[in-house]
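Chemist: this one's sequence-less:
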């Protein structure tokens, strides 16, 4: 019993030390999780066989054979669970995404909270928790929206009937230059486009470095400025943007999702 107790304590201590060492080496969070789990399970297995060697050394070899048979039987009986465990191991090892990334897997979309042994935990944009089996994550196409620091967004505003289109593009570009947080490369563009749902519209395409800027604030200001240009007036520098956004506009990114 003392050996088992010591094994459990040492396993927890080894996992804690390995995680601290991994963080000290500035490893990725996923590698820290993986190393900690491997060390924890390894120490537990070593401690169990040490306990067996102390209590009944003659049973060590038969126990190893029994463990092998039990492992085979477990693998056949719980194939789905085993596949999820193995998939979770390779997800942590290959790192197609990182903790904190915004990804889409099949129909599921959200921020990666953690990768557990059986499931990958996502936080949806509306705050819901989504648990996706690791096998499904590993075998599906993964869209990682936060792999690159800059993403393109689109803001579209309806042009009222009879509005004067002369100089609208110039005014739109001038308003875009007033917005802080837009990426300098590529440069933002403004164009007149036909929309089946709203008729003629003014469309602005721009790039935002979401790691350095508040995407919601930047996009909200672009929406407001483009909407005012489309309506034939400009947004005063001291105007309340929250009120200015209450105009007839449609603004959205290409994939209808914003990184959080």
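Modeler: Looks like it came in fine. Owing to the predicted nature of the structure, the values given are computational and were not obtained by experimental measurement.

Chemist: shaky segments in the stretch 151-260 of the chain?
Modeler: For the stretch 151-260 of the chain, the stretches with pLDDT under 70 are 235-260.

Chemist: which residues in it form strands?
Modeler: Here the stretch 151-260 of the chain has its strands, by DSSP state E, counting those that start in this stretch, at 189-195, 199-209, 249-253.

Chemist: mind putting the ones you listed in CSV, mean neighbour count and distance to residue 222 included?
Modeler: (C-beta placed from N, C-alpha, C; glycine too.) Output for the strands of the stretch 151-260 of the chain, formatted as CSV (neighbours: other CB atoms under 10 Å; distance: least, CB to CB, whole Å):
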stretch, mean neighbour count, distance to residue 222
strand 189-195, 13, 10
strand 199-209, 19, 6
strand 249-253, 17, 7
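
Chemist: just put the ones you listed in CSV and tack on distance to residue 48.
Modeler: As requested, those are exported to CSV (distance: least, CB to CB, whole Å):
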stretch, distance to residue 48
strand 189-195, 64
strand 199-209, 51
strand 249-253, 52
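
Chemist: closest one to residue 100 among those?
Modeler: Among the strands of the stretch 151-260 of the chain, strand 199-209 comes nearest to residue 100, with 15.9 Å by CB to CB.

Chemist: quick one: contacts of the closest one?
Modeler: 149-159, 161, 165, 168, 172, 176, 179, 181-183, 185-186, 188-195, 215, 218-219, 222, 226, 229-230, 250 (CB atoms under 8 Å, 6 or more residues apart in numbering).

Chemist: picking up where we left off before, what's the closest of the strands of the stretch 151-260 of the chain to residue 131?
Modeler: Closest among these, using CB to CB: strand 249-253, at 26.0 Å.

Chemist: what's near enough to touch residue 173?
Modeler: By CB under 8 Å, 6+ apart, the residues touching residue 173 are 188, 190.

Chemist: number of residues surrounding residue 184?
Modeler: If you count neighbours by other CB atoms under 10 Å, residue 184 ends up with 8.

Chemist: next up, phi/psi of it, please.
Modeler: Dihedral angles of residue 184 (phi, psi; degrees, to the nearest 10) stand at phi -80, psi -20.

Chemist: and it, how far from residue 176?
Modeler: When distance is defined by CB to CB, to the nearest Å, residue 184 is 12 Å away from residue 176.

Chemist: pull the contacting residues for residue 165.
Modeler: Counting by CB under 8 Å, 6+ apart, residue 165 touches 159, 192, 200.

Chemist: do that again at 7 Å, thanks
Modeler: residue 192 (CB atoms under 7 Å, 6 or more residues apart in numbering).

Chemist: and for residue 229?
Modeler: Residues near residue 229 by CB under 7 Å, 6+ apart: 168, 171-172, 175, 202.

Chemist: kindly report the same for residue 123.
Modeler: Contacts of residue 123 by CB under 7 Å, 6+ apart are 110-111, 113, 129.

Chemist: TSV for the residues you listed, including pLDDT and distance to residue 140?
Modeler: Shown next, in TSV, are these (pLDDT from 0 to 100; distance: CB to CB, whole Å):
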residue	pLDDT	distance to residue 140
110	92	14
111	92	17
113	91	18
129	94	19
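
Chemist: of those residues - the most surrounded one?
Modeler: Neighbour counts for the contacts of residue 123 peak at residue 110, which has 24 neighbours (criterion: other CB under 10 Å).

Chemist: what about it, helix or strand, and which?
Modeler: strand 108-115 (DSSP states H and E).

Chemist: check the offset of that strand from the chain's centre.
Modeler: Its chain's average C-alpha position is 5 Å from that of strand 108-115, according to CA atoms, centre = their mean, to the nearest Å.

Chemist: of all the contacts of residue 123, which two lie farthest apart?
Modeler: 111 and 129 (10.6 Å).

Chemist: next one: residue 47, what pLDDT does it get?
Modeler: In this prediction, residue 47 carries a pLDDT score of 77.

Chemist: got the contact list for it?
Modeler: 3-4, 7, 10-11.
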